[in-house]
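Undergrad: A predicted structure for the sequence below; I have some questions about it.
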Amino acid sequence: MAKLSKADVEHVAGLAKLDLTETEINKFLPQLSQILEHVGELGKVDTTDLAPTSQTTGLTNVFREDEVKPSSIDLDGALSGTDNTFNGYFKVEAILTERTDK
Amino acid sequence: MNTKLIPIIGMEIHIEPNTKSKMFCACPQDHFGKAPNTQVCPICLGLPGALPFANYEGIAKTVKLGLALGSKISEFSKFYRKNYFYPDLPKGFQTSQLDSPFCVGGSLNGFAINHIHLEEDAGKLVHETIDGKKCSLVDFNRSGCALIELVTEPVFHDIPSVISFVKELQLVARYIDISGADMEKGSMRLEANISLSEEEKVKSGELPNYKVELKNINSFKFLEKAVSAEIKRQTEAIERGEVLVQETRGYDEVKQSTFSQRSKADAHDYRYFPEADLPPIELTKSQIANIKSQIPELPESKRKRFEEEYKLSKDFADILVSEKARSDYFEEAVKLGQGSSPSAKTVADLMINKKLDEQFPEPAGLVKKIVELTKVEYASTEEVENAVKSVLIENEKAVADYKGGNGNVIGFLIGMTQKKLQGKGSSQIVREKLLEGIQK
């Protein structure tokens, strides 16, 4: 298993929208490497005769009828987790109102 | 630059199917014009612990589109999580597909389709200035709605082909009743991937190392303008010797030019992985056959049939077929009118040029009107000739009398002919034809 670089940690932090300090990056670099190494142990298992799977339940074709049912959440319930609302909408900071090519 | 540059265009087309409920929860699928955040539940709001549950209708409608376009239907499919952050995506991932989309390949208007997959829609963002501060408002009514995505191969080299492809796809979606595919309501949305290359390279199948994605195209007019503005921009950049980069651009209607929204520097890393909350799907042959049996005659073959069976012009066939209900109305009217004279051409003409189908909601009403109209119209020359022929044979004595000098007999013969024509003969033509017949 290739060792992680500082750039890898910065990239992963970026994807998770985390701002890490230099100290934090240096702290997490060996920890993340260790986790990868540990998971990498799985690579030692011989899987030649095993079919790949993406789940453990063995279920297939679990479908729902195409029916509308009342929701357990109304508008007030939907908005109850935030104070940032406006006329029934969730309100967030402006997105894409500034061009990124400036 | 001496070598000719050719545009290479691939399309990504999103269609919201007309299911009753969303893709993974029981909230309503139809969100157009509904009060914000009134059609939401823990699943489509992405609340912790909520378990998605796949709507079979959404899958069936995706497969139906694939079957209509000649795609290969995957016997084994699964959903994936496509991870990214955006305020309209409450779970932090979009449930989509990756290596096993429901439909693979296929074509329309002779243009190759890469695949058709099923995913969920995101919420809707409204950009507002509130109390002098710019902000974005989020409505999750659309979050989790079923969304079919069709991806073409990069096979278009001109704008008219792109537009006729998209229009035909819209028509097919309506014919097979999977969606209203209404651009104004957002139930059909377009994205174009555009790059330019030299003619020789295009011929050898070599693709450029970049493509520019044009997003959020919401009308055919807009599509034409945005794509041609982008082709112009790329042509000029290449002529200046610039190297074009992979990026996402939007179209500014006022400036009639495209602008960068996202460049390669922050290109997406979606970290797709299989959605373990949704078991994989194995469609049986009988399920696929059942879906296939619900596909009606498609526009392309209907146009051909209208031209051949009803001897309609290509224009007339195009117009009638461009609305399924209208083409059904036409066929019903022709069927009802059989025996009572109006030809298919007359029906088509009165529908298209006189818009009589708008006046009569039922085809039977139109046929009645046509019969009324045609009553005052005269029988065709051929019909008159046939009637005259038999009248002359049946009334040998009268003919002999006429030839013998009794000119008044012609009145009797005209009457007999009109009787055969149910009064629809033009007296002038009947007289002419009778005289011709007698002289023979």
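TA: It's in. The shown structure was predicted, so the numbers you read here are calculated from the model rather than taken from an experiment.

Undergrad: tell me what the helix or strand harbouring residue B:238 is packed against?
TA: Here residue B:238 sits within helix B:220-239, counting by DSSP states H and E. Using 3 or more CB pairs under 8 Å, 6 or more residues apart in numbering or on different chains; DSSP states H and E, the elements in contact with helix B:220-239 are strand B:5-15, helix B:159-175, strand B:188-198, strand B:212-217, strand B:247-252, strand B:257-263. (C-beta placed from N, C-alpha, C; glycine too.)

Undergrad: mean confidence for it?
TA: Taken as a whole, helix B:220-239 has a mean pLDDT of 94.

Undergrad: low pLDDT regions in the stretch 151-300 of chain B?
TA: Residues of the stretch 151-300 of chain B meeting the criterion pLDDT under 70: B:263-268.

Undergrad: try 90 this time
TA: Applying pLDDT under 90 to the stretch 151-300 of chain B flags the ranges B:199-207, B:209, B:215-218, B:245-248, B:250-269.

Undergrad: around chain A, pick out the residues from it.
TA: On the criterion CB under 8 Å from any CB of the partner chain, chain A has as its neighbours in the stretch 151-300 of chain B the residues B:259-263, B:269, B:271, B:273-274, B:276, B:278-282.

Undergrad: among the helices and strands packed on helix B:220-239, which comes closest to residue B:312?
TA: Nearest of the helices and strands packed on helix B:220-239 to residue B:312, taken as CB to CB: helix B:159-175 at 17.4 Å.

Undergrad: now do the closest one: which elements does it pack against?
TA: strand B:5-15, helix B:56-68, strand B:107-108, strand B:188-198, helix B:220-239, helix B:299-309.

Undergrad: tell me if the second one is near chain A.
TA: Yep, that's helix B:56-68 we're talking about. Yes. With CB under 8 Å from any CB as the criterion, chain A is reached by helix B:56-68 at B:56, B:57, B:58, B:59.

Undergrad: how about the CA coordinates for the helix holding residue B:238, as CSV?
TA: The C-alpha coordinates for helix B:220-239 follow below in CSV (Å, rounded to 0.1, in the frame of the first residue of the first chain):
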residue,chain,number,x,y,z
PHE,B,220,-34.7,24.6,-27.9
LYS,B,221,-34.0,28.2,-28.8
PHE,B,222,-31.6,28.5,-25.9
LEU,B,223,-29.9,25.3,-27.0
GLU,B,224,-29.2,26.6,-30.5
LYS,B,225,-27.9,30.0,-29.2
ALA,B,226,-25.8,28.6,-26.4
VAL,B,227,-24.2,25.9,-28.6
SER,B,228,-23.4,28.2,-31.4
ALA,B,229,-22.0,30.8,-29.1
GLU,B,230,-19.7,28.1,-27.5
ILE,B,231,-18.6,26.9,-30.9
LYS,B,232,-17.7,30.4,-31.9
ARG,B,233,-15.8,31.0,-28.6
GLN,B,234,-13.8,27.8,-29.0
THR,B,235,-13.0,28.5,-32.7
GLU,B,236,-11.7,31.9,-31.9
ALA,B,237,-9.6,30.6,-29.0
ILE,B,238,-8.0,27.9,-31.1
GLU,B,239,-7.4,30.4,-33.9
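
Undergrad: what angle sits between it and strand B:247-252?
TA: Between the axis of helix B:220-239 and that of strand B:247-252 there is an angle of 130 degrees, by axes from the mean of the first three to the mean of the last three CA atoms, to 10 degrees.

Undergrad: point to the residue nearest the middle of chain A.
TA: Note on chain A: the residue nearest the mean C-alpha position is residue A:16, at 7.0 Å, using CA atoms, centre = their mean.

Undergrad: same check, this time on chain B
TA: residue B:171 (1.3 Å).

Undergrad: domains for chain B, by residue range?
TA: Chain B breaks down into these domains under automatic domain parsing: B:5-292, B:297-375, B:381-439.

Undergrad: pick the most deeply packed of the ones you listed.
TA: Sort these by mean neighbour count, taking mean count of other CB atoms under 10 Å in any protein chain shown, and domain B:5-292 sits at the top with a mean of 18.

Undergrad: what about it, how long is it end to end?
TA: One end of domain B:5-292 to the other measures 42 Å (CA to CA, to the nearest Å).

Undergrad: now for residue 85: which residues touch it?
TA: Reading this off chain A. Counting by CB atoms under 8 Å, 6 or more residues apart in numbering or on different chains, residue A:85 touches A:79, A:91.

Undergrad: could you do chain B instead?
TA: By CB under 8 Å, 6+ apart, the residues touching residue B:85 are A:17, B:92.

Undergrad: assumed it was part of a helix.
TA: No. With DSSP: H, G, I helix; E, B strand; the rest coil as the criterion, residue B:85 is coil rather than part of a helix.

Undergrad: after the longest helix seen in chain A, which helix or strand is next?
TA: When chain A is parsed with DSSP state H, its longest helix is helix A:22-40. Toward the C-terminus, helix A:22-40 is succeeded by strand A:63-64 as the next helix or strand (DSSP H and E).

Undergrad: which residues sit against that following strand?
TA: With CB under 8 Å, 6+ apart, strand A:63-64 has contacts from B:21, B:26, B:53, B:54, B:55, B:56, B:59.

Undergrad: just the pLDDT at the third one, thanks.
TA: To tie it back to what came earlier, the one meant is residue B:53. 95.

Undergrad: next up, the contacts around it.
TA: A:62, A:63, A:64, B:24, B:25, B:43.

Undergrad: how about residue B:101?
TA: B:74, B:77, B:115, B:116, B:117, B:118.

Undergrad: what of residue B:312?
TA: Neighbour list for residue B:312: B:306, B:320, B:344, B:345, B:348 [criterion: CB under 8 Å, 6+ apart].

Undergrad: residue B:51 and residue B:43 touch, don't they?
TA: Yes. Using CB atoms under 8 Å, residue B:51 is in contact with residue B:43, at 7.2 Å.

Undergrad: in the stretch 301-440 of chain B, what residue comes closest to chain A?
TA: At 22.1 Å from chain A, residue B:324 is the closest residue in the stretch 301-440 of chain B, using CB to the nearest CB.

Undergrad: just to revisit the earlier point, now render the contacts of residue B:101 as a markdown table, adding distance to chain A, pLDDT and secondary structure.
TA: Shown next, in a markdown table, are the contacts of residue B:101 (distance: CB to the nearest CB, whole Å; pLDDT from 0 to 100; DSSP: H, G, I helix; E, B strand; the rest coil):
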| residue | distance to chain A | pLDDT | secondary structure |
| --- | --- | --- | --- |
| B:74 | 13 | 96 | coil |
| B:77 | 10 | 96 | strand |
| B:115 | 19 | 98 | strand |
| B:116 | 19 | 98 | strand |
| B:117 | 16 | 98 | strand |
| B:118 | 13 | 98 | strand |
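
Undergrad: how about the residues of chain A by chain B?
TA: Within reach of chain B by CB under 8 Å from any CB, chain A has these residues: A:11, A:15, A:17, A:54-57, A:59-69, A:71-75, A:78-79, A:86-97, A:99-101.
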